[in-house]
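S.K.: Whatever this is, show me its structure:
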Amino acid sequence: MAMARTINSAAKPGVSPWLLALVVSMATFMEVLDTSIANVSLRHIAGNLGAGQDESTWVLTSYLVANAIIIPISGWLSSVMGRKRFYMTCVALFTVSSLMCGLAPSLGLLLFFRVFQGAGGGGLAPSEQSILADTFQPEYFGMAFAIWGVAVVVAPALGPTLGGWITDNFSWRWIFFINIPVGCLSLFLTYHLLQDSPAQVQKARETRKRGIKVDYTGFALCVVGFGALQVVLDKGQEDDWFGSPFICTFAILALLGILGMILWESLVVDDPIVDVPLLANPNLSSSMVLQFVVGFILTSTTVLLPQFVQSLLGYNATNAGLILMPGGLVLMMMMPVAGKLVTRVPPKLLMGFGLLMTAGSMFYLTGFNTQVSFEHAVWVRVFQCVGLPLFFIPLNTIAYGNLPPGKNNNASAMMSLMRNLGGGIGISVASTLLVRRTQMHQERLASTATHSYRPFVQYMNSRGGFTPHNLQSFYGVLQDQATMLAYLDVFKIMGIGCLVVIVLLFAMRRVKKGSGPVMAH
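M.R.: Numbers count the residues shown, from 1 in each chain. Below is the predicted model of the structure:
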């Protein structure tokens with residue numbers, strides 16, 4: 001079937017838009033992979049560079065802070081620099097800084113280059129989403145975003161497995177070096193296949209001609225707000241949240257920065273660096289909330305499931321990662337299926353069904369115990385990964401359906417920001433709940449370990465009496481059971497959250513006539 005393109009296609013004449021979709025997805029895959037691949041290598045990095053474990057966690061935080069700062073302003077940067085130039089600059093910065101991270105002789109220099117790597121990576125996903133939205137007609141959005149979605153949702157699942165394998169068999173430095181050939185290939189193909197539309201070229205030229213007016217106040221508020229928020233999310237549980245003056249200070253900075261940015265950008269400046277007024281579009285604002293849910297569920301479960309099998313079932317990092325691998329393959333297969341279905345089935349129905357499947361997988365996880373098999377854990381993840389594309393693809397299709405002309409860059413920046421925030425908050429919430437619920441269950445279980453509680457006395461007698469060794473063994477069992485119950489609580493809470501979010505689907509409006517057959521009904 002012939003593929004009609006929009007007049008302002010980002011693909012050069014004679015270039016297949018599908019080829020362009022594959023090309024722009026390459027860099028996103030590497031960027032998203034980098035958000036999780038370093039997690040399993042922190043111990044090796046700390047040991048090799050002579051740093052403490054706590055200090056090494058800034059390898060993750062520095063990247064995520066820079067990422068969070070660049071994403072919301074990437075739409076403005078694309079408009080000023082030209083989208084192709086901005087995108088290639090991001091790819092080049094990400095590639096060069098990856099090389100420097102791999103060569104870094106000290107933790108300080110590694111953190112320095114990770115900031116630049118995060119800044120380069122932050123502009124990739126928003127640019128690619130807007131490229132796809134401008135290249136494909138609405139009836140092809142589903143398939144186009146399916147290709148891009150493979151990179152976004154599969155990369156986090158592969159990151160821990162790939163990072164562990166590289167670190168165990170080579171060196172932690174290779175988790176950065178693998179970005180270099182992909183980045184160089186992406187630059188070469190982008191240069192030859194991508195173009196800015198005449199309207200974009202003209203707009204950028206006119207902007208530069210009359211002088212680029214930088215909203216320094218808005219930029220500063222954005223840096224303070226989102227940078228501080230990312231630090232709070234990444235370091236909160238480690239520093240006991242609001243029991244720490246450090247976290248309290250950054251939380252206040254985040255609140256003041258984000259609120260100040262919203263007020264400043266919506267009420268004061270005429271050419272905002274973050275297009276806050278665009279939130280008045282009901283489809284986009286609803287989609288942003290739901291995109292937050294995608295990031296929350298996908299990222300937190302990708303982190304929780306390997307943690308669960310490692311801490312309670314004794315799996316090593318490689319086997320824990322292998323539990324996620326079949327789910328990643330299912331995601332890859334389901335993405336094009338969801339892309340096809342979105343043109344035949346009302347997106348709201350698909351999204352609701354996808355959320356129900358995801359909720360069902362979370363509730364099914366509440367039936368786990370410390371004897372669960374490898375195959376059982378794999379199939380639960382597979383079941384979950386069948387539902388996510390049915391939610392993710394229609395969501396992105398609806399988000400761009402009713403946008404005013406020329407707003408794709410700004411909208412894609414906001415959608416990417418919400419996905420990243422959802423992931424960061426999801427990990428923080430899940431980690432905090434896990435610690436607090438473990439403490440609660442441990443106290444409850446320990447309260448029954450008395451001579452007046454017959455089952456406890458019978459258990460100890462069956463083990464040979466109240467010897468120090470048996471008491472120590474019992475305490476280990478108690479800790480495992482408390483942790484197990486905490487995981488089940490977190491899974492249940494996330495399942496309930498999926499059901500609650502379905503209500504937001506009713507806030508979405510029908511896509512206007514003339515924008516393609518995709519409807520939000």
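S.K.: Quick check: buried residues in the host helix or strand of L233?
M.R.: In this structure, L233 is located in helix 216-235 according to DSSP states H and E. Residues of helix 216-235 classed as buried: 218-219, 221-235 (neighbour count, 16 or more other C-beta atoms under 10 Å). Every residue, glycine included, has its C-beta placed from N, CA and C.
S.K.: Same check on stretch 187-194?
M.R.: L187, L189, T190, L193, L194.
S.K.: which of the residues in stretch 333-345 are buried?
M.R.: M334, M335, P336, A338, G339, L341, V342, T343.
S.K.: Closest to F113 out of these?
M.R.: Proximity of the buried residues of stretch 333-345 to F113, judged by C-beta to C-beta, is greatest for M335, which lies at 32.7 Å.
S.K.: phi, psi of the closest one?
M.R.: phi -60, psi -50 (degrees, to the nearest 10).
S.K.: now L194
M.R.: Torsion angles at L194 (phi, psi; degrees, to the nearest 10) stand at phi -100, psi 150.
S.K.: which residues sit in contact with the closest residue to it other than its chain neighbours?
M.R.: Among residues not flanking L194 along the chain, K84 sits closest, at 5.2 Å (C-beta to C-beta, 6 or more residues apart in numbering). If you count contacts by C-beta atoms under 8 Å, 6 or more residues apart in numbering, K84 has them with A10, T190, L194, Q195, D196.
S.K.: circling back: restricted to helices, list the buried residues of stretch 187-194.
M.R.: Those of these mapping onto helices are L187, L189, T190, L193, per DSSP state H.
S.K.: So the residue nearest to L194, which state does it fall into?
M.R.: State at K84, reduced to three classes by DSSP: H, G, I helix; E, B strand; the rest coil: helix.
S.K.: hang on, the earlier thing: from the buried residues of stretch 333-345, pick the one nearest M484.
M.R.: Checking the buried residues of stretch 333-345 against M484 by C-beta to C-beta gives M334 as the nearest, at 30.1 Å.
S.K.: which phi and psi does F136 have?
M.R.: Here is the backbone geometry of F136 (degrees, to the nearest 10): phi -100, psi 150.
S.K.: check which helix or strand covers P326.
M.R.: Taking DSSP H and E as the definition, P326 sits inside helix 317-341.
S.K.: what about W174, how many neighbours?
M.R.: 15 (other C-beta atoms under 10 Å).
S.K.: Need the nearest residue in space to it, chain neighbours excluded.
M.R.: Once flanking residues are discounted, W174 sits nearest to I166: 5.0 Å by C-beta to C-beta, 6+ apart.
S.K.: How confident was the prediction at L162?
M.R.: Predicted confidence (pLDDT) for L162: 78.
S.K.: In contact with the closest residue to it other than its chain neighbours, which residues?
M.R.: Excluding its sequence neighbours, the residue lying closest to L162 (C-beta to C-beta, 6+ apart) is I37, at 6.0 Å. Listed by C-beta under 8 Å, 6+ apart, the contact set of I37 reads G159, P160, L162, G163, I166, I175.
S.K.: Restricting the selection to alpha carbons, write stretch 357-367 to PDB.
M.R.: Only the C-alpha atoms of stretch 357-367 are listed here, as PDB (Å, rounded to 0.1, in the frame of the first residue of the first chain):
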ATOM      1  CA  MET A 357      -4.400  -6.000  31.000                       C
ATOM      2  CA  THR A 358      -1.600  -4.100  32.800                       C
ATOM      3  CA  ALA A 359      -3.700  -3.900  36.000                       C
ATOM      4  CA  GLY A 360      -4.500  -7.600  35.700                       C
ATOM      5  CA  SER A 361      -0.800  -8.400  35.500                       C
ATOM      6  CA  MET A 362      -0.100  -6.300  38.600                       C
ATOM      7  CA  PHE A 363      -2.900  -8.100  40.600                       C
ATOM      8  CA  TYR A 364      -1.600 -11.500  39.300                       C
ATOM      9  CA  LEU A 365       1.800 -10.600  40.800                       C
ATOM     10  CA  THR A 366       0.200 -10.300  44.200                       C
ATOM     11  CA  GLY A 367      -0.100 -14.100  44.100                       C
END
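S.K.: Quick one: mean pLDDT for it?
M.R.: 87.
S.K.: next one: stretch 282-293
M.R.: Rounded mean pLDDT across stretch 282-293 is 81.
S.K.: Pull out the buried residues from it.
M.R.: Residues of stretch 282-293 classed as buried by neighbour count (16+ other C-beta under 10 Å): N283, L284, S285, S286, S287, M288, L290, Q291, F292, V293.
S.K.: Would you mind extracting the C-alpha trace of that stretch into CSV?
M.R.: C-alpha atoms of stretch 282-293 as CSV (Å, rounded to 0.1, in the frame of the first residue of the first chain):
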residue,chain,number,x,y,z
PRO,A,282,-7.5,18.9,26.4
ASN,A,283,-6.2,16.0,24.3
LEU,A,284,-2.6,16.9,24.9
SER,A,285,-3.0,17.6,28.6
SER,A,286,-4.9,14.3,29.2
SER,A,287,-2.3,12.5,27.1
MET,A,288,0.5,14.0,29.2
VAL,A,289,-1.1,12.6,32.3
LEU,A,290,-1.4,9.2,30.7
GLN,A,291,2.1,9.4,29.4
PHE,A,292,3.2,9.9,33.0
VAL,A,293,1.4,6.7,33.8
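S.K.: Off-centre distance for that stretch?
M.R.: Distance of stretch 282-293 from the chain centroid (C-alpha atoms, centre = their mean, to the nearest Å) equals 15 Å.
S.K.: Test my guess that K340 contacts E139.
M.R.: No. Between K340 and E139 there is no contact, the gap being 11.3 Å when judged by C-beta atoms under 8 Å.
S.K.: Cool, thanks, signing off.
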